[in-house]
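In: Fold the following and give me the result.
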Amino acid sequence: MEPDTASAIERRLADLEQEVARLSALAEPTAGHAAGAAGEGAAGSVREQPASDAPGAASAGSDDPLWFVNELGRRAPGAVMMAGAVDTAAGPVRWQYGLMADGLLSEDWSDLARPLEALGHPARIELVRQVMRGAHTTAELLQLEHLASSGQLYHHLRQLVSAGWLVSPRRGYYEVPAARVVPLLVLTMIASS
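Out: Below you'll find the model as predicted:
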């Protein structure tokens, strides 16, 4: 990853952490359970959160089909959140993230085009899915039907790494960062709904 891209990602992560802390303060006096992610390769700024400690987890068994939305409205009116508790090959990922709708609407959305565009090609979205399912090496990924050559594979992998959807901790090996697992699943839910 290029230094400018890494620096921009680090700044964005710091901004996001501040917003999560602010939302946590609005939600409850104890902000320790506001956001979290865990998994191999998770950034140091990301915290583990057991699923049973997640806000609203006790309500999950209730008869209210909108328990998450109702609890969110009670704790942080005006907030938009995504959350998930997923077991991956790298380990469990417990993650949630939220922002205030007013803040989202006042921001410039043009910067969002690049990461979304990276997922906009059928081969790239399939690569991400296969990596999430356990295919991590270039040899494994070359077996995919969507790719005609290793050149195409590396082109698509570069796009995904540049956009932050994949990381390559060592040559020829790719993984989805823990903090991107739930957002990727949320995006696929949005696209399929």
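In: C-alpha from now on. contacts and neighbour counts both.
Out: Fine.
In: Quick one: name whatever helix or strand follows the lowest-mean-pLDDT helix or strand in the chain.
Out: Lowest on mean pLDDT, DSSP states H and E among the helices and strands of the chain sits helix 3-27, with a mean of 64. Next helix or strand after helix 3-27 toward the C-terminus (DSSP states H and E): helix 67-75.
In: Can you list the buried residues in that next one?
Out: Neighbour counts using 16 or more other C-alpha atoms under 10 Å place 67-69, 71-72, 75 of helix 67-75 among the buried residues.
In: pLDDT and distance to Ala191 for those residues - can I get that in CSV?
Out: Below are those laid out as CSV (pLDDT from 0 to 100; distance: C-alpha to C-alpha, whole Å):
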residue, pLDDT, distance to Ala191
Trp67, 89, 23
Phe68, 87, 21
Val69, 88, 20
Glu71, 90, 25
Leu72, 89, 23
Arg75, 91, 28
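In: which stretches of the protein have low pLDDT?
Out: Where the chain drops to pLDDT under 70, the residues are 1-8, 10-11, 13-14, 16-62.
In: And Gln159, how far from Val128?
Out: Distance, Gln159 to Val128, using C-alpha to C-alpha, to the nearest Å: 11 Å.
In: Quick check on the two: which one has the bigger neighbour count.
Out: It is Val128, of Gln159 and Val128, that has more neighbours when counted by other C-alpha atoms under 10 Å, with 23 against 18.
In: The more buried one and Val167 touch, don't they?
Out: No - at 10.8 Å, Val128 and Val167 do not qualify as touching, with contact defined as C-alpha atoms under 8 Å.
In: residues shared between the contacts of the two?
Out: When C-alpha atoms under 8 Å, 6 or more residues apart in numbering defines a contact, the residues bordering Val128 and Val167 alike are Val176.
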